[in-house]
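# Sequence and predicted model, in that order:
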Amino acid sequence: MAEDGIPEILAEQRLGHQVPGMRGLYAHASQQMREELTAALQARWEESLRERATVDPHSPVSLLDNLMAPFRSVPRGRDRGDEDPAA
């Protein structure tokens, strides 16, 4: 979260930490902070799927395979040297 510039108060709340002292009493996470955190986490998730798809564009785990579908650059059946089934 630090790399994404997420405010420390939101990171601490998100991790379940009790924020001590005046900062814990007066600092609050805003809706905009939460939305920026959601966008940052979504971007990291999509990048991890993109990177995973470069290792192998398919997964034997159907849920992961479906999640990687938008990040594949090679159609199924052609990524492992298979001949084109339409040919």
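Thanks, I have it.
# distance of Ser30 from Gly16?
Using C-beta to C-beta, to the nearest Å, we find Ser30 at a distance of 19 Å from Gly16. Just so you know, the C-beta spots here come from the backbone N, C-alpha and C atoms, and that holds for glycine as well.
# Who has more neighbours out of the two?
Ser30 (11 against 6; other C-beta atoms under 10 Å).
# So what does the more buried one have for phi and psi?
phi -90, psi 170 (degrees, to the nearest 10).
# distance of it from Glu51?
Taking C-beta to C-beta, one finds Ser30 at 31 Å from Glu51.
# Which SSE is immediately downstream of the one helix or strand in the chain whose mean pLDDT sits lowest?
The helix or strand of the chain with the lowest confidence, counting by mean pLDDT, DSSP states H and E, is helix 21-26 at a mean of 76. Next along the chain after helix 21-26, taking DSSP states H and E as the criterion, comes helix 31-55.
# What is that next one packed up against?
helix 8-14, helix 62-68 (3 or more C-beta pairs under 8 Å, 6 or more residues apart in numbering; DSSP states H and E).
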